[in-house]
Each structure stands twice: as C-alpha cells, then as structure tokens.
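Student: Take a look and give me a structure for this.
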Amino acid sequence: MFAEHGPVLRGFFARRGANDDAEDLVQETYLRLLRAHQGQAAIANPEAYLFTVALNLAREQAARRRRTPVPLEELENLTTLLASEESVEDAAERAQRRQRLQALLASLPERTRAVLVMQYRDGLSYRQIADRLGVSPHMVKKHVVRGLSVCRRALADAEA
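Tutor: Reported below is the predicted structural model:
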C-alpha cells in the first residue's frame, strides 16, 4: 500500500504547499494508519482512511505555517527591493532606512507581511502564494498592494 499510494500522497501534500515536508507527511500518514489499525478492528476501507488522515495532516501543517512568524532578519531582500536605489546614499543612511523599513514591516498584519516576503524574497507568483495560504490570487494581490502602499507612504513621510 505504501509503494502504491506514496507518490500520490507526496503530490497531494506538495499541492497544498508542503513541498519541503511532503516526504515526512507521507511517513506520518502511514504511521497514523498503522496505529489506528493496531488500536481497533480492521479498517473497512484503508484507502479512504489513508486519504482522510492525509487531509487532516495537510490541514495541521497549514495551520502551523500560518502561526509561524516570519523572522525580521529574513526580510533584508525585501528591504533592499523597497529602498530607493540612490547611489550617493551613504552606508549610515541606508542602515537607518533599513531599520525603519524592518520596523514598518513588523507593524504590518501577519498575513500581509507573509505575502510580501513570499513575493519579494521567495519570488513566488500570486497563484503560488494563494495556494500556500489557502486564499484566492485576488486576495494575495490585495495584500501586496496594501503592504506596498503602507511601506511607500511611511518611507515618504520619513524622508519629508
């Protein structure tokens, strides 16, 4: 059963944004199936039970990803992209600007901050971000527009 359904389960988890953890989630699915089989009488439809367990694991994984905060030190690429590209700006000014932008990003709602990081740091498309977060691409676009608008306004206010 493992050999037969393993590739299908890996694809199932990968489509739900768990690319890096797909193999571990497949193993956990089978482990839970074995535990359930040992704890009770024979399972009437093991294949259906297997995919029910897999769906529950995918939901648990998605909930864990939503709760995990994005570390501010990972936002340096976004900071660089959002900062102006003035070549005459000295290093101290750039460092201050980076600190202001990091503080600004930290003040954004978690979902908006996560969308900006996935877009600018990870280079993901709206569709990929939407799949990972379980929202529509249109909602991803709204988060990007809102986040960039807040960042640009705050940077303009700080420079004025």
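Student: do you know how far the residue positioned nearest the centre of the chain is from residue 120?
Tutor: With distances taken as CA atoms, centre = their mean, residue 132 lies nearest the centre of the chain, 5.6 Å away. Distance, residue 132 to residue 120, using CB to CB, to the nearest Å: 15 Å. The way it works is simple: take the backbone N, C-alpha and C, and place the C-beta from them, glycine included.
Student: Then residue 111?
Tutor: The gap separating residue 111 from residue 120 is 15 Å, by CB to CB.
Student: Okay, and the residue nearest to the centre of the chain sits in which element?
Tutor: helix 126-133 (DSSP states H and E).
Student: Give the closest residue to residue 14 in space, chain neighbours not counted.
Tutor: Spatial nearest neighbour of residue 14, excluding adjacent residues (CB to CB, 6 or more residues apart in numbering): residue 22 at 5.0 Å.
Student: should've said residue 47
Tutor: Of all residues apart from its sequence neighbours, residue 5 sits closest to residue 47 (CB to CB, 6+ apart), at 7.2 Å.
Student: If you tally nearby residues, what's the number for the one you found?
Tutor: Neighbour count for residue 5, taken as other CB atoms under 10 Å: 19.
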